[in-house]
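Visitor: fold the following, please.
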Amino acid sequence: QVPTSYAAVIEALGAGQADVAWIPAFAYVLANARYGAEAKLQVVRSVDRYGVIITRNAPGEPERLENLVDSKIAFPGTIRGRLRAMLVELLDEYAPGWVEIPVADDKEAVWYLAERKDGVVAAASRYVTSGPNDLVGDGRKELEYDRPGTMLETRIAHRTDQAAPELSKVYYGCILTRSDSGINRLEDLNGKSFAFSDETSTSGHIFARALLQRAGVELGHVFFAGGHPNAVRAVEDGKVAGGASFYSPPSAANERDGTKVGDARFLILKNMADQETRDRFLETVRVLALTDPIPNDVCCVRRGFPESTWREFEGSLQRFLATPEGQGAYYDLVAGVAAAPCTDADFDDFRDALKKTGVSASKLLDAAEAKLAERRAKQGSGS
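Guide: Residues are numbered from 1 along each chain as shown. Okay, here's the model as predicted:
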């Protein structure tokens, strides 16, 4: 039963019956607290991000890269690696003499542009496909949440032809609303009905609740929808004013199959027959805000596991992951592309979120085990 029960895995680590385990963050936090399990590796997933150059949407403002010669461009530090190289190469070719104005992130870059700070006439930003009314996906949409009107005042002058892979050890939860609900900020959910996806869901409950609490939101009627798709449907049908589910940026597969997004709406979109219906759905249900980042699953070892043995194990694992067979098997298991070193400190924010919402890792484990027992009972009865 060890492979199908988090409780059994945790106890096996504590009793020395298991040396190594891949488990979710909440199970690791509990295994660490009870038995001193040690975090070693974390699942790494690949996100395909484009780069965009944004300008103000007004007469006389630059419309193309060629109009940005000798111009100041706000450039976020979050654009790194291959994506940065692609944008710099484009700007060097089409806008020689451009001047980089360093800023912290995508949202700040667009703020510099919108507020005409330091003579900035354009902003660079990372970009992923999102719903037309989402407030996530690029710096323009993120700033729209804090500065309404940003989307009308700015435009995307250029998007890179190709996406660049970005490795990530986290995912997110998100708050969903209907686009026509009049809810434009988290505070607008005060006193409103709300659907969390599931009591044990880190993204669709724990981190989402922490986000709402931090915004001072006191919800009205609250219920657990019994899964991410159910929470999304409850929002779409107008049964609740808001809902919570998981969020990950879309992948190339989402672009190919027309679902466009990688969050929980994808689970509904993939079953829709035509693109017109999908587009209408994406216009209706939007992402209002993202939670703090949530750590991906972790590979941990029992207390006292020999470091020399671990180094041998990790070496074998990394060599396997470097093969086509290993890459395929790993992706099928955890949708990952790599396994990166991590430490216990990487899970401190997760622990803080549990404390703030008053939900313990032990309670999450109990709820997960109850769901597992219920599922086994149904399978046993043949229903």
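Visitor: which parts of the particular helix or strand that has Glu276 in it are buried?
Guide: Element membership of Glu276, judged by DSSP states H and E, is helix 275-284. Using 16 or more other CB atoms under 10 Å as the test for burial, helix 275-284 gives Arg278, Asp279, Phe281, Leu282, Thr284. The C-beta positions use only the backbone N, C-alpha and C, and glycine is treated the same way.
Visitor: so who does the first one touch?
Guide: When you say that, I think you mean Arg278. Arg278 makes contacts with Gly258, Thr259, Lys260, Leu269, Met272, as judged by CB atoms under 8 Å, 6 or more residues apart in numbering.
Visitor: tell me where the model's unsure across this protein.
Guide: Applying pLDDT under 70 to the chain flags residues 1-4, 372, 375-376, 379-383.
Visitor: need the longest helix for it.
Guide: Looking across the chain with DSSP state H, the single longest helix is helix 361-381.
Visitor: for Ala18, the count of nearby residues, please.
Guide: The burial count assigned to Ala18 is 20, neighbours taken as other CB atoms under 10 Å.
Visitor: nope, Tyr127 is what I was after
Guide: Other residues close to Tyr127 by other CB under 10 Å number 23.
Visitor: so it bridges to which residues?
Guide: Counting by DSSP bridges, Tyr127 is bridged to Tyr50, Asp138.
Visitor: quick one: the strands in the stretch 251-383 of the chain?
Guide: Counting by DSSP state E, counting those that start in this stretch, the stretch 251-383 of the chain has strands at residues 285-290, 294-295, 298-301, 338-341.
Visitor: now, of those strands, which is deepest in the fold?
Guide: strand 298-301 (a mean of 24; mean count of other CB atoms under 10 Å).
Visitor: not counting its own residues, what contacts it?
Guide: 13, 19-25, 28, 31-32, 37-43, 310, 339, 342, 347.
Visitor: ok, stretch 322-336 next?
Guide: So stretch 322-336 is contacted by Trp22, Val43, Val44, Arg45, Asn296, Asp297, Arg319, Phe320, Leu321, Val337, Ala339 (CB under 8 Å, 6+ apart).
Visitor: so what does Ala123 look like in phi/psi?
Guide: When read as degrees, to the nearest 10, the backbone of Ala123 gives phi -140, psi 140.
Visitor: tell me the contacts of it?
Guide: With CB under 8 Å, 6+ apart, Ala123 has these contacts: Ile53, Ile54, Thr55, Ile73, Ala74, Phe75, Ala109, Val110, Tyr112, Leu113, Gly139, Thr154.
Visitor: now swap in Tyr145 and tell me
Guide: Taking CB under 8 Å, 6+ apart, we find Tyr145 in contact with Leu135, Asn184, Arg185, Leu288, Ala289.
Visitor: of all pairs in these, which one is the farthest apart?
Guide: Maximum pairwise distance among the contacts of Tyr145 (CB to CB): 10.5 Å, between Asn184 and Ala289.
Visitor: one step back: now, the most widely separated pair of the buried residues of helix 275-284?
Guide: Pairwise distances across the buried residues of helix 275-284 peak at 10.8 Å for Arg278 and Thr284 (criterion: CB to CB).
Visitor: pipe the strands of the stretch 251-383 of the chain into TSV and attach distance to Val170 per row.
Guide: Converted to TSV, these look like this (distance: least, CB to CB, whole Å):
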stretch	distance to Val170
strand 285-290	11
strand 294-295	6
strand 298-301	12
strand 338-341	11
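Visitor: nearest to Lys356, of these?
Guide: Nearest of those to Lys356, taken as CB to CB: strand 294-295 at 14.0 Å.
Visitor: now for the closest one, which elements pack on it?
Guide: In terms of contacts (3 or more CB pairs under 8 Å, 6 or more residues apart in numbering; DSSP states H and E), strand 294-295 is packed against strand 170-178.
Visitor: who does the strand it packs on pair up with?
Guide: When DSSP bridges is applied, strand 170-178 pairs with strand 242-247 (antiparallel), strand 285-290 (antiparallel), strand 294-295 (antiparallel).
Visitor: that strand: which residues count as buried?
Guide: Val170, Tyr171, Tyr172, Gly173, Cys174, Ile175, Leu176, Thr177, Arg178.
Visitor: just to revisit the earlier point, with distance to Ser203 added, can I get the strands paired with strand 170-178 in CSV?
Guide: Below are the strands paired with strand 170-178 laid out as CSV (distance: least, CB to CB, whole Å):
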stretch, distance to Ser203
strand 242-247, 4
strand 285-290, 10
strand 294-295, 6
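Visitor: ok, which of those comes nearest His158?
Guide: strand 285-290 (24.5 Å).
Visitor: now the closest one - C-alpha only, PDB.
Guide: Extracted as PDB, the C-alpha positions of strand 285-290 are listed here (Å, rounded to 0.1, in the frame of the first residue of the first chain):
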ATOM      1  CA  VAL A 285     -14.300  32.700 -16.800                       C
ATOM      2  CA  ARG A 286     -11.200  34.700 -15.900                       C
ATOM      3  CA  VAL A 287      -8.200  34.500 -13.600                       C
ATOM      4  CA  LEU A 288      -8.300  37.400 -11.200                       C
ATOM      5  CA  ALA A 289      -5.200  36.800  -9.200                       C
ATOM      6  CA  LEU A 290      -2.500  34.200  -8.400                       C
END
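Visitor: which residues touch the nearest residue to Leu269 once chain neighbours are set aside?
Guide: Nearest non-adjacent residue to Leu269, counting by CB to CB, 6 or more residues apart in numbering: Thr259, 4.2 Å away. Neighbour list for Thr259: Pro250, Phe266, Leu269, Lys270, Arg278 [criterion: CB under 8 Å, 6+ apart].
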